[in-house]
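Visitor: this is a predicted model, with the sequence first.
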Amino acid sequence: MATEENFLTIKDVSTAFKINGQYYDAISHINLTVHHDEILALVGESGCGKSTLATTIMGLHDPEETRISGVVDFEGTNLLQLDEDGYNQFRGAKIGMIFQDPLSALNPLKRVEDQIQEVLDYHTTLSTAAKHDRVMELLDQVGIVNPPLTARQYPHELSGGMRQRVIIAIAIACKPDLIIADEPTTALDVTIQAQILDVLRSIQAENHAGIILITHDLGVVAETADRVAVMYAGQIVESGSAEQIFNTPKHPYTRSLLRSMPQRNNESDDLYVIQGNVPSLRRLPTTGDRFASRIPWVPASEHEATPTMHEVAPGHEVRCTCYRNFTFPDEKGSDHV
Amino acid sequence: GCSSKSSSSNSSGEKGASLKLPDHYTNTKATDKAATRNGTLHVAEPADAPFAGIGDPNLMQNNEDNDVFAPGAAAPGNINDLFIADKNNKIIDGGLANQRLDRKNNTVTITLRKGAKWSNGSPITAKDIEYTYEVIGNKDSTSQNYTADMANIKGMAAYHAGTAKTISGITYPDGETGRSVVIHCTKMTPAMKFVGNNFIAETVEPYDYIKNVPIGKLAASPQVRKNPLFTGPYKLDKIVPGESTSWSKNPYYYGKKAQIKNIVITVVSSNNIDKAIQSGKYDFTSPAGVMHGTDYKELKNLKNYKIVGQPELGYGYFGFNVGQFDTKTGKNVIDPNSKMANKSLRKAMMYAVNTDAVTKKFSYGMSWRANTLIPPIFDNYWDSSAKGFPLNIKKANKLLDDAGYKKKGKWRAQPNGKPLTIYFGAMTGTSAQAATYQDYLQQWHKIGLNVKFATGKTMEMNSFYTTLQAPKQNKIDIYNAAWAVSSEPTPTMYTETSVQNLGHFATAKNTQLINDMNSNKAWNDSYRAKIFKEWQAYMNEEAYVAPDSFSYTWAPVNTRVKGYSLKSSNVDFWSSLSLTSSSMK
Amino acid sequence: MWKTILRRMLIMIPEVIILSILVFLLAKAMPGDPFTGSINPKANPAQIAHLMKMNGLDGPWYSQYWNWVVHLFHGNLGNSYQYQEPVTRLIAGRATNTLWLALFTMLLTYAIALPMGVFAGRHEGKLPDTIIRFYTYVTYCIPFFVILVVGIWIFGYVLGWFPTTGSISITASGWLDTIGSRFYHILLPGIMGALFSTVNIVQYLRSEVIDAKHSDYVRTARSKGVPTKDIYRHHIFRNSLLPIAAFAGYSITGLLNGSIFTETIFSYPGMGLLFINSISFRDYTVITALVLIYGILNLLGTLLSDIILSLVDPRIRIQ
Amino acid sequence: MPNKIDQQSSISAADLTRLNQEAQSEATPSTARIIWSEFKADRPAIVALVIIVGFILFVMLASLFIDTPRMMETNIMNYFNPPFSAQDWLGADSAGRSIAQQLIVGSRNSIGIALGLTVISSTFGIAWGLISGYFNGYVDWGMQRVYDFMMMLPMLMIIIVLVTIIPHYNAITLTLIFSLFYWEGTSRLIRSRTLAEADKDYVAASITSGTNQWKIIFSQIMPNISSLIIVDTTLSFAENIGVETGLSFLGFGLPSQTPSLGTLIANANDPNNITQYWWTWLPAALEIIVLCLSISYIGQVLRRAADASQRQGLTS
Amino acid sequence: MSLIEIHDLKVHYPIRSGFWNRVTDSVKAVDGISFNIEAGETYGLVGESGSGKSTTGKSVVGLEKVTSGQIIYQGQDITRPATRRRLHYNQDVQMIFQDSLSSLNPRKRIEDIIAEPLRNFDHLSKDDEKLRVLQLLDIVGLDADALYKYPHQFSGGQRQRIGVARAVATNPKLIIADEPVSALDLSVQAQVLNFMKQIQQEFGISYLFISHDLGVVRHMCNNIAIMHKGRLVELGTREDIYHHPLHLYTKRLLAAIPETNVNQRVAHRATRQAVERAYQDQQTRYYDADGAPFPLVAVSPTHFVALPADFAKSLAHAEEEVQA
Ligand SMILES: Nc1ncnc2c1ncn2[C@@H]1O[C@H](COP(=O)(O)OP(=O)(O)OP(=O)(O)O)[C@@H](O)[C@H]1O
Ligand SMILES: Nc1ncnc2c1ncn2[C@@H]1O[C@H](COP(=O)(O)OP(=O)(O)OP(=O)(O)O)[C@@H](O)[C@H]1O
Ligand SMILES: [Mg+2]
Ligand SMILES: [Mg+2]
């Protein structure tokens, strides 16, 4: 499966947004690696910073409104040091991105073919005819039944699933090494979702690409991901292989998430609810474990003052020490409540 | 009225005006040969709207057309005219045609000069003289020049009614292509001696050129709009509809030869006329164009322009509504019970207005208080000794007190005790005019009369006249208007049967006097003058219609222009003009 | 598409009919009649009555209206009283002038407004944006005619750079000269008009550009590696210009309204000036015809806008 | 059945006042307060507000002390008095009437027309837009046809024709004539927002709560487009102050004895007045610009305030 | 007797065009569905996007003009607005919306929002009304300070609970919940689902639970209806649908649910692809000539499927054999 060569290394990346003149970290000190031929899933609740990380890698932030630090090493280049032109050598060519809302992500006034071809225009030297052939090939590859017809259509004439396929075609047009897919299926039906995920997987297999798949659907993660990083409030709280995360989850947050999913066998039971709310960007605790407030029964001594990642198994890391003795209040008597 | 003749007066100073304008510009500079060869004379026509562009004197309906086609005539206002006149407007020989009146046979014989030609070179014929009558009198004609006086020509009424194909009273002693016509009349009047009378038409129509156009469609035809023919020193080269006309020398002109290569007449908005003159774009404004006192103030000190002017053929007046027009009998009748039927009230109102002060302040001497209803330009007839109505509040109050208009609270009431509100009708005009009308109201308020604007504001010209012309109306009691007179001064508008008698006054004495003006006795000039003066005195005494103001017609003339003269003896106005330099000063 | 246009035209018929009745009645209701104003000392009432009859002005309003409609279908809008010629010919002459001026103003408006709006949107919040917005605010607040009056005074009279009256110099000969002269005459009113009418377009375009800048498809384009200037060229401009294109038809209304002022102030003999003159002359036939024509032009403007929009925006399809 | 709820909750009538007080203390500030604080944060906005309010008050009060017919009398002696003279500190016009006084009364008239016009046309336009946008189907269709027809009418021309027809017209008739046409812009704006708003679920929720349609339109939907309404009304007011100037300029404005900003600015029609007698028109023109700019500026502030109150997730 | 009986419900949206606004075509959003809702039960309505779920729900609550068919409540057909008004129908049938933010009027305070149905139906005194609102807030687990706040000041989960409070204010018998949790995060979703279950038990409310998330539906509903192209393709208990699906479309939906068991994902993917292939190949057998689902036939007292009767029987048979 995954080769050990990690072509993307994210080191200590933080991104802060300017709100009323002050900067607030949306993601802080993120460390990640992505290998060829693997799907890395990024999961977490809404607002935990998944998209921010993706757009930081793509360099899509407005430099006047954000402050970014750290290193994004992509095949030996630190992307964060590039200027706009330098970045454009990577965007579309070596890194492709898939967005959540397939309707608004396509220019409503341009035909599908033109939108796909635009990537080829900037990153290849193909002739017009060759580009056209490539477009057909791409549309076919993403599972569009009648490429010549679809190529001539406008986005609004396509169904949601078709649009998403077009966006994927754009993202993979130059056979990028890295594909970032930000909630590519959230807006779609389950059946279509399954098809799109299949397409992604087959493309990865063909291109030996690495994929960062952002989603909040644990089912999708379980079905698709090779490795998983769980994010909470701008930090990665647990990472490991899919098996590790789903079979032996460690961090209280991961465990809480899994427990609040409706499962096959718990129809009559209540679902688990995590207490409290995700703190908003401006109210993030600056010290200590960010998840602490949501597991109030865990004594402060169980948490680290400055939580760090701990390797609990090869490739399986967990933030903070609180996971060690963690139990849910209803699991073992009521002494924690 | 458009066929008014420019007319005599050697100098205009002593006509009651405080300011004396020269009636010509003496330019002693030598005429530049180059300027003559290539020069273009630029004339500005002050107007509020693009001109209509009807190049036919009998069909055109406004002054603008008259002005922009003026170089087609020897002198302004004389387009395609047959006759020339002396300073008293009496027809004299030497024009395109001569006229002979035969009082015994009741005929008028008109004989064209030899070799007279239209501007396209074709000869002017006897038929052309006759065709004027057809154009005016045709039942489909759009001409507004047909009047009851014309029915004096035998057969004219029948032709006008459409019952006759031709006018039986006009004959051609030497055929249609000959030089003379004889007009048979039912009676002869002294007015026929003068240009501008209503009995004999004074123009020619190019029959051959326009005969194929039905007379009803003539005004819209290209023969009249695009390439009209003229008899004067210049011929029309080009016309930009509504905007400008351009002229060059007419080689076929019988009289004094034209001296300027090109004349361009351009319409300029009256609002901007002084700015246009100040910026040196025009040689002068149309000799008959409407210029205001405020313009004079702006222009009088320009170094490169001289102001030339002469008293206008017209006057401003006040009219009182005292009766109605009986549509059955076709006569005006005084209603003795009407609000304004009281002579003292009318005269009091006239004594209350301060025309002297107003004209002085607003017109800068370009108009002055009128003393009678005959303009001073008619030397023979104008009564210079008439007093008119100078400001006299005391007298006004006394008149009212004596007549029983007692104050009831703020305002005077009618003698019968009923409240009195008088409605004043005035036309929308310049801001100076608005101020003037406001001032009149205030003056009347001073003598305790409650006078208000009819409809609450000044009126558009058309609604103003529509209101007044109704056979019977009670919206306007007193009105202020201006009247342009023809070069023959008989006050026909004030006759018993006239629809232009807007106040509907008709008295036996008035009828008598006006009839006397054109009676057989009136062939004697001094008798005629006496009657005119009697009439002026009578009108001032009764004040059914009262004089308001006389004005100058004037123009700024660029100092490169030579030969500019408004003297009525100058029958060759256009051909006398030349340029001393090819560029504007 | 042609079918739709045709159907739209059919829809316009009842509107035009109601409009025609309305304007006809309005014209009738105006005080004064067209002959009395220019009374000639020699005209008599019988003659005026005769003239009224000849012009179909006797009889009840509906029969007059009917006469008018019947004539209308023969391309005959009657005669102008003031100008003594067929209204169709009169207006045809004036319409070309108005058309020249309106077209030029419109072209100039877009030529000024498009770069301004895009520039302001692109540099949102920066100095040029502030300056442009200030300009639009001020022009928005100054009455149109004040700009024109001051403009003609400075450039026409004081500096003397431009003609101040008319549509063409009579001395112009040859087609090049003619066109040149016409152009010279519409230059000043065109520029003044354009400077004024840019306001809406600039503001609208600016906010469109700002919206487009933050849109998802622009983000997609950026992630394709399209350089910024090309993003503006291929995506932002095109998409922001779309609603502006549709403005073009609607702006006819504004231009026609403006023409009344421009033509009055510049003594430019177009339809606007003709209207104002006709109002004071109670020239019914002309007033009626002009209101009708302006109404129909407005209608065609909206139709044009719809057509343009459906041509440039694939999302709006006229089947 | 209500007892079911009673049973399920521990709260009883006894707690009512206490809880109510608790809730009051946490209550969100009202829109008016938010707008006011927005103003306070913006100096120029305060200045604009003071200018507008002060000016309107001044004009309304001062005009009470001016005898208008008296003021409009021709005073031959003061003909074109220059400004800063003893009697007329802003000079006099061609009829010797004080410009300063005319400016005050004229402002009152113009502002009065603008206010009247704004109130009438906005009220009508808002109601029209709301109703047309809420009831789709034939009601909307019919209203749209009327709207289309009105849009087709060449407004300026029809207004001029109407002005010439109406014999004794004054500021009120003029306002009404304008009102015939000025609702269109507002109604289109409101309609499109209402269409969007009517699609939202809270409207469906109100329907299922048994609320009647008119109440939904005017007390559910309308408050939601209130920011739009406020901003639009403010801007129309700014625009309407200059609305009669155009007509006056063309000579179809108010009667000559009724001064207005328009009749004053129309003095610029005579090129001689532009520089020679600049005081006859310039103050009025400047006043319009200042008023219009100030009101637009206030409109901007209101727009911002409205947005802030809609800012989601931010406890203001 | 059932709480509500739906008979052959059809909702067609006319497609109007042209100046005269004539109907030129129609979208058959709901095309003849029948089912009954029993008191105290939860019905799930599942199907892909555009299948007509929301339209069905809205018709039941009276928000949609019904083209034909009947909805019988207390023996009367409430498809006519007058009947609904007379019966105070919406006092008994309420709705919870998908988008919590848009379903709460942003310009109204929480008190006014929750009190709205009370004001229209119950006409309480001012104090009673306030008390009732406070109690409702208490029931949905919100503090009294919420009273004078605006919707945007709450989190998604809290807002959804406010929506629930409004829905239960009048003590309804049936609540239509149109995708009440699909916009929420997992843990918030759990919170809302728990809560809905809880008040159902306490008040004995029936739910019509509309969702496309089969996991959630399985958790919530005893009875499930699968909708496709405006019709029902299969109807049955949770057991029937999840364990003995008959219609190919149902099977396809079930197969598409992502599996949380990582260890079996390869196998699961294989099954799904097999079902998908089968679906593409056997369309014609499962749908009529027009491509529309067949009428429902019963295969057991609780289980109905939209297939020709004999085909349904044989499938049911085969199913049993597999189980056995
Ligand atoms: N441009 C921005 N300015 C200010 N704050 C921002 C901006 N973009 C995102 N945020 C904030 O940063 C945090 C992380 O946002 P992000 O979009 O990365 O979350 P996410 O995990 O992708 O959530 P979701 O699942 O809802 O997409 C959020 O609190 C968000 O409000
Ligand atoms: N007002 C409307 N006018 C016309 N068509 C409509 C309207 N509302 C819905 N439709 C159509 O009716 C069909 C059913 O819509 P409905 O909203 O009931 O689907 P749904 O099953 O709820 O889908 P989703 O899961 O996307 O909410 C769809 O094809 C939709 O396009
Ligand atoms: Mg995101
Ligand atoms: Mg739905």
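Guide: Arrived safely, thanks for sending. Numbers count the residues shown, from 1 in each chain, chains lettered A, B, ... in the order given. Ligands and ions are numbered 1, 2, ... in the order given.

Visitor: tell me, how many neighbours does the closest residue to B:T142 other than its chain neighbours end up with?
Guide: By the measure of CB to CB, 6 or more residues apart in numbering or on different chains, the closest residue to B:T142 outside its immediate chain neighbours is B:A219, 4.8 Å from it. Every C-beta, even on glycine, is put in place using the N, C-alpha and C of the backbone. B:A219 has 26 neighbours, counted by other CB atoms under 10 Å in any protein chain shown.

Visitor: next: the one 5 residues further on.
Guide: Around B:V224 there are 26 other residues, counting by other CB under 10 Å.

Visitor: again with E:V27
Guide: Considering only other CB under 10 Å, E:V27 is surrounded by 15 other residues.

Visitor: again, but for D:A127
Guide: 17.

Visitor: what about the stretch 101-250 of chain C, any weak spots by pLDDT?
Guide: Applying pLDDT under 70 to the predicted model, the stretch 101-250 of chain C contains no residue that meets it.

Visitor: where do the helices of the stretch 1-150 of chain D begin and end?
Guide: Along the stretch 1-150 of chain D, the stretches classed as helices by DSSP state H, counting those that start in this stretch are D:2-8, D:16-26, D:31-40, D:43-64, D:68-71, D:99-134, D:138-152.

Visitor: tell me how far the fifth one is from the chain's mean position?
Guide: Between the mean C-alpha location of helix D:68-71 and the chain-wide mean there is a distance of 28 Å, by CA atoms, centre = their mean, to the nearest Å.

Visitor: what's it packed up against?
Guide: Applying 3 or more CB pairs under 8 Å, 6 or more residues apart in numbering or on different chains; DSSP states H and E, we find helix D:68-71 packed against helix D:99-134.

Visitor: report the central residue of the chain.
Guide: Reading this off chain A. Computing the C-alpha centroid of chain A and ranking residues by CA atoms, centre = their mean puts A:I214 first, at 2.5 Å.

Visitor: try again with chain D
Guide: Central residue check for chain D by CA atoms, centre = their mean: the C-alpha nearest the mean position is that of D:F237, 3.0 Å away.

Visitor: that one contacts D:G112, doesn't it?
Guide: No - if you go by CB atoms under 8 Å, D:F237 and D:G112 don't touch, sitting 11.8 Å apart.

Visitor: quick one: contacts for whichever residue of the stretch 101-250 of chain E sits closest to chain C?
Guide: When distances are taken as CB to the nearest CB, the stretch 101-250 of chain E approaches chain C most closely through E:A183, which lies 18.8 Å from it. E:A183 makes contact with E:Q98, E:D99, E:S100, E:G156 under the criterion CB atoms under 8 Å, 6 or more residues apart in numbering or on different chains.

Visitor: for chain D, tell me which of those residues show up nearby.
Guide: Filtering these for proximity to chain D by CB under 8 Å from any CB of the partner chain leaves E:Q98, E:D99.

Visitor: top of the contacts of E:A183 by number of neighbours, please.
Guide: Neighbour counts for those were taken using other CB under 10 Å; the highest belongs to E:S100, which has 26 neighbours.

Visitor: tell me, what's the model's pLDDT at the residue nearest to B:Q414 when sequence neighbours are not counted?
Guide: Computed as CB to CB, 6+ apart, the closest residue to B:Q414 that is not its neighbour in sequence is B:L420, at 4.8 Å. In this model, B:L420 is scored at 89, pLDDT.

Visitor: if we can go back for a sec, and the residue nearest to B:T142, which of the three is it?
Guide: Per DSSP: H, G, I helix; E, B strand; the rest coil, the local secondary structure of B:A219 is helix.

Visitor: I appreciate the help and will end here.
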